[in-house]
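In: sequence and computational prediction follow.
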Amino acid sequence: MRIVSEEFLAARLAALRPNPRVVVGGNFATPWRALALLDASVERYRLFALNAQPGIPDRDGVTLETAFTGPGMRGSTRLRYFPCRLSLVPRLLGTALPPDVVLMQTSAPGRGAVSLGTEVNVLPAAIEAVRDRGGLVIAQLNPQMPYTYGDAVVAEELIDYAIEADLPLPSPPRSPGSAPAAAAGASGAIAGRVAALIPDGATLQLGIGSVPDAVLAALTGRSGLAIWSEMFSDGVLGLAKAGALDPDQPVVASFAFGSADLYRWMDGNPGIQMLRTEMTNDPALIARRPKLVSVNGALQVDLFAQANASWVGGRIHSGFGGQPDFVVGALHSPGGVAVIALPSWHPKAGVSTVVPMIDGPVTSFQHSFIVSELGTAAIWGCDADEQARQIIRNVAHPSVRGQLADAGRGLGLRV
């Protein structure tokens, strides 16, 4: 690894072959300084990122590519969306979308290596793919990035150039005290119902947001819990402080996003293993975890227990992500369950989240339970008619239950 000036790196990037494909760290660990140098130095390029945040270059000459659309790419006319389970994105980068450059943010170097810290995800696979092609691996070294272990550790010899940028990591905004009571109440009610499905000794997969945070907060009195998840946030730190986690089981994830306290806890912590996506999201490995409880959100569910977590109004909103990986893995786990949790009503759109039949791409299906603030629908082991009845009776908003029943009968369901 050669630490260079920004001027040197800009000149090296300007010499790239025409229209290179650049894989950049996404989520909340994007190397913004290095990305700005790229954008100022290269007129035309293809930019691949997962869950890109606002600030991603979106201009003539830049083609945006992703398998999971974040707010930085959502709605762009320059977007190429590649439908793909997250566990298979590394294979996508090694075959159909080979990179010419990888840009990543890392910790400061130590012991001949750097750490990817909070964002491992598909970056190890991207590094392997780009080195097979003779491309460039570029690191933005940040001493504020925690040094984490597992697949996060990258040998310095695998990195061509690095620049230094001492910058704070982003954290989620604190929940405003003026949040609507109804919304807070819905999240709390959903969390209580989901927590009731989680036994002591369970292995947890949850995402980020008010419902996952509330679920984790409701589990601080449990014991022997483990984490095998695509990502985690401060709720896991809360479980650790409460003594709810099994001390013999490392926290396993692929990326993290949270407070400065979370990042300090992660730094140098051997009890946290940050693994590459094709490990954390492999349904076969997930299935080996006993009592794996997968909790995911959705934008819609229908009377056939299908979930849409990707599309809004006929346009891509996010993507498959890891939801289908964990739903399948949880269903094959001994004692495992797959839960979809969502409010019964979209407060902003003013529509039911339960529809007769999803009219676009389905993200996942065949769950164990569907939960709203109003109740829990048991899906696994029920026939199609009983599934629909439970969804209408226990999950749907009362104002649409009659309409849903009529529509269900029109679809051949006995409800």
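Out: Sure, I can see it.

In: every contact and neighbour count from this point should use C-alpha atoms.
Out: Fine.

In: what mean pLDDT does stretch 395-404 have?
Out: Mean pLDDT, computed over stretch 395-404, is 98.

In: output that stretch in CSV with nothing but the alpha carbons.
Out: Output of stretch 395-404 as CSV, limited to C-alpha atoms (Å, rounded to 0.1, in the frame of the first residue of the first chain):
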residue,chain,number,x,y,z
VAL,A,395,-53.0,-8.0,10.7
ALA,A,396,-55.2,-5.8,8.5
HIS,A,397,-56.7,-2.5,9.5
PRO,A,398,-60.4,-2.9,10.6
SER,A,399,-61.5,-0.4,7.9
VAL,A,400,-60.4,-2.7,5.0
ARG,A,401,-61.2,-6.2,6.4
GLY,A,402,-64.5,-6.4,4.6
GLN,A,403,-63.0,-5.3,1.3
LEU,A,404,-60.2,-7.8,1.7
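
In: in that stretch, what's buried?
Out: Residues of stretch 395-404 classed as buried under the neighbour-count rule (16 or more other Cα atoms under 10 Å) are Val395, Ala396, His397, Val400, Arg401, Leu404.

In: likewise stretch 96-113?
Out: Buried, per 16+ other Cα under 10 Å, within stretch 96-113: 97-109, 113.

In: quick one: least confident helix or strand in the chain?
Out: The weakest-scoring helix or strand in the chain, judged by mean pLDDT, DSSP states H and E, is helix 181-195 (a mean of 83).

In: after it, which helix or strand is next?
Out: Next along the chain after helix 181-195, taking DSSP states H and E as the criterion, comes strand 203-205.

In: tell me the domain ranges of the chain?
Out: 2-164, 181-230+281-410 (automatic domain parsing).

In: straight-line length of the shortest one, end to end?
Out: Taking Cα to Cα, to the nearest Å, the span from the opening residue of domain 2-164 to its closing residue is 11 Å.

In: tell me the mean pLDDT over it?
Out: pLDDT averaged over domain 2-164 gives 98.

In: verify the stated contact: Ile286 with Leu292.
Out: Yes - Ile286 is within contact range of Leu292, at 7.5 Å (criterion: Cα atoms under 8 Å).

In: overlap in contacts of the two?
Out: Ala330, Ser333 (Cα atoms under 8 Å, 6 or more residues apart in numbering).

In: and those two? Which one has more around it.
Out: Each of Ile286 and Leu292 has its neighbours counted (other Cα atoms under 10 Å); Leu292 has more, 31 against 27.

In: next one: Leu206 from Val351, what distance?
Out: 26 Å.

In: what helix or strand is Val327 on?
Out: helix 323-332.

In: actually Val89, not the one I wrote
Out: helix 89-94.

In: what helices or strands is the helix or strand that that helix is followed by leaning on?
Out: Reading on from helix 89-94 to the C-terminus, the next helix or strand found by DSSP H and E is strand 101-106. Applying 3 or more Cα pairs under 8 Å, 6 or more residues apart in numbering; DSSP states H and E, we find strand 101-106 packed against strand 21-24, helix 123-132, strand 136-141.

In: note down every partner strand of strand 101-106 and its orientation.
Out: Strand 101-106 has the following sheet partners, assigned by DSSP bridges: strand 21-24 (parallel), strand 136-141 (parallel).

In: mind saving the C-alpha coords of that strand as CSV?
Out: The C-alpha coordinates for strand 101-106 follow below in CSV (Å, rounded to 0.1, in the frame of the first residue of the first chain):
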residue,chain,number,x,y,z
VAL,A,101,-11.5,0.0,-9.4
VAL,A,102,-12.6,-0.5,-5.8
LEU,A,103,-12.9,2.5,-3.4
MET,A,104,-13.3,1.8,0.3
GLN,A,105,-13.0,3.5,3.6
THR,A,106,-10.8,1.7,6.2
